[in-house]
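1. take this sequence and fold it.
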Amino acid sequence: MLGLIAVTSLAAPAAPTTATTPTTPAGPPPGLSGFDVPAATFAYLARAATSLQEAITAPDVGMRYATAHVAALRATAALLAARARPTAPVRGRARAQRNAWVLLAEVAPELAEWAAFFSAGAAKRAAAEAGSRRAVTEREADDLVRDADRFLGIVEESLGLTRHVPIPATLVQVG
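-> Residues are numbered from 1 along each chain as shown. Got it, this is the predicted structure:
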């Protein structure tokens, strides 16, 4: 079953990228290994894998897109739980709120392309969640499922963990 966090000793081969899919050098940052990862990170990774499984099996195109996007958000939350550090507020100023994609680019600059990629899809996700039938095509939904799967693996690897087994191409068919 998909959704299990990597227990294999062999990392999956890197998937080919498309012109719209970001590429990322992987590897944990200095001082972080799989043994240093907080429990919350593993919980977020498990939730990301569950969302990815839901996206794979979703019969509705909009739901498939939205759930894949949520899987990427949860993978981002896992990385932020492991690597983000709170900053002291500046006296007399309210702290500006930043979304997960902005934080990801700040905390993990090597994933800035991924942050921009998923941030660009947030409006489509919102439209799909609102029930718009024209928000995304079947091809876009299937591509996002594959991209979210790839991103989850990159996040796992950047945390010093073994990548999960990627989804088989036969599970997500491009129409």
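2. what residue is smack in the middle of the protein?
-> By C-alpha atoms, centre = their mean, the chain has its centre lying nearest to residue 72, at 2.4 Å.
3. contacts only, for the residue nearest to it when sequence neighbours are not counted.
-> Nearest in space to residue 72, with sequence neighbours left out and distances taken as C-beta to C-beta, 6 or more residues apart in numbering, is residue 148 at 4.5 Å. Where C-beta positions appear, they are placed from N, C-alpha and C, glycine not excepted. Residues near residue 148 by C-beta atoms under 8 Å, 6 or more residues apart in numbering: 52, 55, 68-69, 71-72, 75.
4. now, these that are in helices?
-> Per DSSP state H, helices hold the following members of the contacts of residue 148: 52, 55, 68-69, 71-72, 75.
5. now those: which count as buried?
-> Among these, those classed as buried by 16 or more other C-beta atoms under 10 Å are 52, 55, 68-69, 71-72, 75.
6. need these in CSV with pLDDT, can you?
-> What follows is these, written out as CSV (pLDDT from 0 to 100):
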residue, pLDDT
52, 96
55, 96
68, 97
69, 98
71, 98
72, 98
75, 98
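7. which pair in those spans the largest distance?
-> Farthest-apart pair in these is 55 and 75; separation 12.4 Å (C-beta to C-beta).
8. next, count neighbours for the residue lying closest to residue 79 once chain neighbours are set aside.
-> Counting by C-beta to C-beta, 6+ apart, residue 155 is the residue found nearest to residue 79 once chain neighbours are left out, at 5.1 Å. A count of nearby residues for residue 155, using other C-beta atoms under 10 Å, gives 29.
9. do the same with the one 3 residues further on
-> Residue 158: 22 surrounding residues under other C-beta under 10 Å.
10. now it: how far from residue 138?
-> Look at residue 158 and residue 138: by C-beta to C-beta, to the nearest Å, they are 30 Å apart.
11. and for residue 162?
-> For residue 162 relative to residue 138 (C-beta to C-beta), the value is 32 Å.
12. list the buried residues of stretch 42-57.
-> Counting neighbours by 16+ other C-beta under 10 Å, stretch 42-57 gives 42, 44-45, 47-56 as buried.
13. of all those residues, which comes closest to residue 121?
-> Proximity of the buried residues of stretch 42-57 to residue 121 (C-beta to C-beta) peaks at residue 55, which lies at 12.9 Å.
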